[in-house]
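Undergrad: just a sequence and a predicted model for now, questions to come.
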Amino acid sequence: MQRGVVHSAGVANDVLTYEAKFQMAVARSELALMGVLAANLRRFRERRRWNKSELSVMACMDPSQVSRAENPQKDGRSMQLDTLVTFAQALNVPVWVLLLPPPELKRPHDESENST
């Protein structure tokens, strides 16, 4: 019977280890996505020659929200979907465009794959 107990404890540890790795991967991908979103917000804002205050006026939100969105690593909070939609509307771009990696964030092998 001890073998069954040891085995189930080992499985439980494996599951916990897998779940911890999964949670870390999710956190990394969320941070990466927030980085892409921040870069795109900044890129489209600067393309319009707006400062953060001007974007905040166009989006009807507090300037601190624009600052947080463009610097997600400072507070670690995620952006709500309605905030993402509001930014897209203010910048007059589709929401999905804000989620695509901008050219400056693409990895070098991404470009070589497209050139073949």
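TA: The structure has been received and is ready for your questions.
Undergrad: what's the host helix or strand of Trp96 in contact with?
TA: Using DSSP states H and E, Trp96 sits within helix 95-98. By CB atoms under 8 Å, 6 or more residues apart in numbering, the surrounding residues in contact with helix 95-98 are Leu37, Asn40, Leu41, Phe44, Leu84, Val85, Phe87, Ala88, Leu91. C-beta coordinates here come from the backbone N, C-alpha and C atoms, glycine included.
Undergrad: swap the cut-off to 6 Å and go again
TA: Around helix 95-98, the neighbours that count as contacts under CB atoms under 6 Å, 6 or more residues apart in numbering are Leu37, Asn40, Val85, Ala88.
Undergrad: for ChimeraX, what selects the buried ones among those residues?
TA: Buried subset of the contacts of helix 95-98, written as a ChimeraX selection, criterion 16 or more other CB atoms under 10 Å:
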select :37,40,88
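Undergrad: quick one: the contacts of helix 95-98 as JSON lines, columns for distance to Gln73 too.
TA: As requested, the contacts of helix 95-98 are arranged in JSON lines below (distance: CB to CB, whole Å):
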{"residue": "Leu37", "distance to Gln73": "12"}
{"residue": "Asn40", "distance to Gln73": "16"}
{"residue": "Val85", "distance to Gln73": "23"}
{"residue": "Ala88", "distance to Gln73": "22"}
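Undergrad: show me which pair in the contacts of helix 95-98 is furthest apart.
TA: Farthest pair in the contacts of helix 95-98 (CB to CB) is Asn40 and Val85. Separation: 13.9 Å.
Undergrad: which members of the contacts of helix 95-98 occur in helices, if any?
TA: Leu37, Asn40, Val85, Ala88 (DSSP state H).
Undergrad: ok, the closest residue to the first one other than its chain neighbours - how many residues close by?
TA: What sits nearest to Leu37 in space, not counting adjacent residues and going by CB to CB, 6 or more residues apart in numbering, is Leu98, at 5.7 Å. For Leu98, the tally of surrounding residues (other CB atoms under 10 Å) stands at 23.
Undergrad: can you pull out the helices in this structure?
TA: Using DSSP H, helices in the chain cover 2-47, 52-58, 63-70, 72-75, 81-91, 95-98, 108-115.
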